[in-house]
Every structure is written in C-alpha cells, then in structure tokens.
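**Student:** The sequence isn't on hand, but the structure is:
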C-alpha cells in the first residue's frame, strides 16, 4: 500500500511516500507562505501530481484543522488566506483517493505514538517549541481535538497575568511568549545583542550570563508543564523542536519539573521527540491509512 504524504509548514513543505511503515522519496519544497493559501495549495497539488499509484493521501498542516471535514478552521497571517481552505475536497476531486488532513502537531504526536517516543503509551502529551509552542493531547491512543478541533493550544496558557493585554496581543502573558525558542532568543538578545539564534546561544552556554538566561527560560518551560501534568496526569510528555535536542535543556527540564509537581504525579516521564522532521509525515500516513481502511 502506497500513501502520498505532505507536511505543510510555514517555511517548507515536506513530502514523501509511505509504504510498509517506511518513508521514501522524501523531498522539501519552499512554502513561500507569504504568497497566500492558494499558492500553497497549488504547490501541494504540483507535488502530489508527481506521485503515482497511491491509494491514499495524508496531509499534515499548520493551522487549526477540522479533521472530520479536512478543512482549515483558522490559520494566522503567516499563510494569508489559508483559513477556510477546503483541502480534502480539493484533493479528493483531483486524485480520486481518500484524503486525511490533520494539524501538524497532532500529526507529529500520532507519528511519535506509532513509531517514536510515544510507543507503548496510550495517554501522553506532545509539545513542540519553536517560533511558538504547539501541543497535542493523546488519550487512549487517539488525538483529542476538542469541540472545535482546536484542543492542545498550550501556547495560550496564561503564565504571567500581569503582562496580559489582549487588545495588543492575544498571546500576551501566555506560555508561548516566554517558553518558545523565539522567546529564548529575544531574552538573550536583550543582554547580548550580537547573538542571533539558538545555535549561537548554546555555543556560548559556558558563559555564566548566557547560562543564567537559559536557566530562566527553562523555568518558563517548566511553568507550563507543571500545569499540564496536574491537569492531564499523563504517563509521558514528549518534547519536540530543535532546541530540545540540547541535552542541557532536557536534563534541566526533567530535574526542575520533578521539584514542582506533587509526588503523586511524579511518575510522569519526559522524553525528547525521536522522529524529527518525519514525525508529521508519518502521522499523516497513519491518519490516511485509517481513512482508507474505514472506507470513508
């Protein structure tokens, strides 16, 4: 069985073929997101037209996704005009195969659950730290999507209420503004303007001043995780995003979190994501496989 998979991100569109639990023909194409949702869809169509003899299509995408209908409920202005996009309908009309559409973080969680850090766990959370903070909730082996297909917006947890000003910024005072990789870079740049990105930050981790700021940021990560642990009582939390490949970050998050949660919740395990950039494609493939088997 061959499934074409596409992972639509704000910067790049990753694509490949899934067959016998393996991904092949992995490619990467510029999204050119600023050109708008219609341009993005035309790029996806062009990619899929090159894939022959597929029985289904799996799409992982940025934005809030109504997975039952395969539509974009909401997308920010990173991809103008993407909100309301009828992805499933367009692709099924052209390719005449079942199409599954899932939010990118949910798709990554599904991929990790089948093939990566979530194997053997039916109840876990998955968070990704990058430009913002994305989240997914897996209960009894299934992604929980909420009443409006938007559950898992962990970046909107209010952690600094004194900084809250929704007239200025809907995420003001929220987790995303303090715990994302973007927040780390902004924090460090206020003291070290010459540092431009996360890679440069960790290259200078031996410096006391830089390390103190990284520790402050790790504390922000733990604020949100403490809340999530006590709400969901998961057996596992998977942390993704390039910054979580830094052993210093993961080790200190683990230590600090244990000191912040009640002893009855201390069994929670913290693991780094294992699948990297392939997680979303693998999760999209599993969603498409389920749609194909159900005959929908």
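**Tutor:** Great, that's in hand. In this text the structure is predicted, and so the values were computed from the model without any measurement.
**Student:** Pull the residues that contact stretch 215-223.
**Tutor:** Residues from elsewhere that reach stretch 215-223 (Cβ atoms under 8 Å, 6 or more residues apart in numbering): 129, 159, 175, 178-179, 183-184, 187, 249, 252-253, 256-257, 260. Yep, even glycine has a C-beta here, placed from its N, CA and C like the rest.
**Student:** Buried ones among those?
**Tutor:** Using 16 or more other Cβ atoms under 10 Å as the burial test, those include 129, 159, 175, 178-179, 183-184, 187, 249, 252-253, 256-257 as buried.
**Student:** Farthest pair within those?
**Tutor:** Largest separation among the buried ones among the contacts of stretch 215-223 by Cβ to Cβ: 187 and 257, giving 19.9 Å.
**Student:** tell me the helices in the stretch 51-200 of the chain, going along the chain?
**Tutor:** 87-95, 104-115, 176-179, 181-191, 198-203 (DSSP state H, counting those that start in this stretch).
**Student:** Residue 158 reaches residue 172, doesn't it?
**Tutor:** No: at 9.1 Å, residue 158 does not count as touching residue 172 under the criterion of Cβ atoms under 8 Å.
**Student:** which residues are in contact with both of these two?
**Tutor:** Common neighbours of residue 158 and residue 172, counting by Cβ under 8 Å, 6+ apart, are residue 164.
**Student:** of these two, who's got more company?
**Tutor:** The residue with more neighbours, out of residue 158 and residue 172, is residue 172; 16 against 13, by other Cβ atoms under 10 Å.
**Student:** to the chain's geometric centre, what's the distance from stretch 76-87?
**Tutor:** Centre-to-centre, stretch 76-87 and its host chain are 17 Å apart (Cα atoms, centre = their mean, to the nearest Å).
**Student:** From one end of it to the other, what's the distance?
**Tutor:** 17 Å (Cα to Cα, to the nearest Å).
**Student:** Give the buried residues for that stretch.
**Tutor:** Neighbour-count burial for stretch 76-87 flags 78-83, 85, 87 (criterion: 16+ other Cβ under 10 Å).
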